[in-house]
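In: Here is my input; please provide its structure:
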Amino acid sequence: MVHSWRPLDGVLLFDKPLELSSNIALQKVRRLYQAEKAGHTGTLDPLASGLLPICFGEATKFSLGLLDADKTYRATICLGETTTTGDAEGEVLKTRPVEVTEAIVQQTLKRFCGASQQLPPMYSALKHEGKPLYEYIRKGVTIERALRDVFIHELRMERLDGNELEIVVRCSKGTYVRTLGEDIGEVLGCGGHLTALRRTAIARFDLKDAYTLDQLASMDDQQRLNCLLPLDCMLQDMPSLELSEIELHRMAQGQRLGKQLDYEDGKIRLYSNGKFVGVAELLGTRLAPSRLLASVAKSAASVSNSGALN
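Out: Below you'll find the model as predicted:
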């Protein structure tokens, strides 16, 4: 089948299924939408499911905030068994008896909240000299990794049934829940490995608002388009500013504006005639363009050529 690709802007909250890599899932969704340009925010392993925001067209310019945002997961840990990979894909290394109670688990989980450091696992997509670490370990090569700072905002037990522990964790970017599961098992004295992982939230976006591949495939084109969120949906934590046409034209030309604003220094959402046009950086009283829509730059160039704002 030959696809007729089209320009398309917006954000889709996608519920990635198990077994598919994030990139393959992205390509399947992209084909459904026939979108010229698409990217995802925050990779999920093939054995993990859940919320994977997909950005189309201009939305890819403004996705960094989601990559850096806190994320929430529901994870299932098999207590009593450690594996080579920290999850169900690996071979069992050690088996130990499980003698824990809900009270012990709840007390243990409290120890993991707050700031800490994690050692990224070798079985991960973290890159070393352009290759993911899992490619090295599969060849028997272990790469020295640096500890990374992580923050656990919330960690609670949802269920304890025999040797199966289900937890919900809200954590900073870069946190490996698989490693967290292993560490919890070690503190409990029995070891453990992850058997299921589902991402349920990223920043203000929730899995309950996401669409599955089957749902999207059953829709007609207009219904799928109605699922897209606007470009500025990822920037709602930023203050906003309305620009005049002249001010927007100047910013599109790369000029800074002198503005007395009651905002702290940082990123600001920009609008003109009520429409989102991009993001600027405020430093003192100077407002500099950061990322503007391509259509804004094109329109500014057209106006300059015509001399309409001269």
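In: Tell me how the protein divides into domains.
Out: 10-68+205-232, 71-202, 238-306 (automatic domain parsing).
In: mind putting these in CSV, mean pLDDT included?
Out: Formatted as CSV, the domains of the chain follow (pLDDT from 0 to 100):
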stretch, mean pLDDT
domain 10-68+205-232, 94
domain 71-202, 92
domain 238-306, 89
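In: Do me a favour and get the backbone dihedrals for Ala69.
Out: Phi and psi for Ala69, reported as degrees, to the nearest 10, are phi -80, psi 160.
In: Use 680 as the first number from now on
Out: Taking 680 as the first residue, the last one we looked at is Ala748.
In: wait, isn't it in contact with Arg878?
Out: No - in this structure, Ala748 is not within contact of Arg878 by CB atoms under 8 Å, at 11.5 Å. For the C-beta atoms, the positions are set from N, CA and C on the backbone; glycine is no exception.
In: More neighbours: those two, which one.
Out: Arg878 (22 against 19; other CB atoms under 10 Å).
In: Quick check: bridge partners of the more buried one?
Out: Gly729, Tyr752 (DSSP bridges).
In: just Pro811 next, same as before
Out: Lys806.
In: isn't it right next to Leu805, touching?
Out: Yes - between Pro811 and Leu805 a contact is recorded at 6.7 Å, counting by CB under 8 Å.
In: May I have the secondary structure class of the most centrally placed residue in the chain?
Out: Most central in the chain under CA atoms, centre = their mean is Gly721, positioned 3.3 Å from the mean C-alpha point. Taking DSSP: H, G, I helix; E, B strand; the rest coil as the rule, one finds Gly721 in the coil state.
In: Check the one 10 residues further on too.
Out: At Leu731, secondary structure determined by three-state DSSP is strand.
In: Can you tell me how far it is from Leu892?
Out: 11 Å (CB to CB, to the nearest Å).
In: list the residues that contact both of those two?
Out: Jointly contacting Leu731 and Leu892 under the rule CB atoms under 8 Å, 6 or more residues apart in numbering are Phe693, Asp694, Ala704.
In: now these as TSV including neighbour count, secondary structure and distance to Phe741?
Out: Output for the shared contacts of Leu731 and Leu892, formatted as TSV (neighbours: other CB atoms under 10 Å; DSSP: H, G, I helix; E, B strand; the rest coil; distance: CB to CB, whole Å):
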residue	neighbour count	secondary structure	distance to Phe741
Phe693	25	strand	17
Asp694	21	strand	22
Ala704	22	helix	21
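In: picking that back up, wait, isn't the residue nearest to the centre of the chain in contact with Leu745?
Out: Yes - using CB under 8 Å, Gly721 makes contact with Leu745 at a distance of 6.6 Å.
In: Overlap of the contact sets of those two?
Out: Common neighbours of Gly721 and Leu745 (CB under 8 Å, 6+ apart) are Pro732, Ile881.
In: Give me the contact list for whichever strand or helix holds Leu859.
Out: Taking DSSP states H and E as the criterion, Leu859 maps to helix 856-866. Helix 856-866 is touched from outside by 752, 754, 756, 758-759, 761, 764-766, 787-788, 790-791, 797-800, 831, 844, 846, 848, 850, 870-873, 876, with contacts defined as CB under 8 Å, 6+ apart.
In: Quick check on the residues you listed: which are buried?
Out: In the contacts of helix 856-866, burial by neighbour count holds for 752, 754, 756, 758-759, 761, 764-766, 787-788, 791, 797, 799-800, 831, 844, 846, 848, 850, 870-873, 876, counting by 16 or more other CB atoms under 10 Å.
In: picking up where we left off before, which of Leu731 and Leu892 has more neighbours?
Out: Summary of the neighbour comparison: Leu731 and Leu892, criterion other CB under 10 Å, with Leu731 having more neighbours (26 against 16).
In: number of nearby residues for the nearest residue to the more buried one once chain neighbours are set aside?
Out: Leaving aside its chain neighbours, Leu731 sits nearest to Lys695 (4.3 Å; criterion: CB to CB, 6 or more residues apart in numbering). With neighbours defined by other CB under 10 Å, the count for Lys695 comes to 29.
In: tell me the contacts of Lys695?
Out: Counted by CB under 8 Å, 6+ apart, Lys695 has contacts Ser701, Ala704, Leu723, Ala727, Ser728, Gly729, Leu730, Leu731.
In: go on, Asn952?
Out: Glu924.
In: Val975 versus that one, what's the distance?
Out: Plainly put, Asn952 is 12 Å away from Val975 if you go by CB to CB.
In: can you give me the end-to-end distance of stretch 807-820?
Out: 12 Å (CA to CA, to the nearest Å).
In: again but with stretch 805-818, I slipped
Out: Start-to-end span of stretch 805-818 (CA to CA) is 16 Å.
In: Just the buried residues of that stretch, please?
Out: Applying a neighbour-count criterion of 16+ other CB under 10 Å, one finds Leu805, Leu812, Tyr813, Ile816 buried in stretch 805-818.
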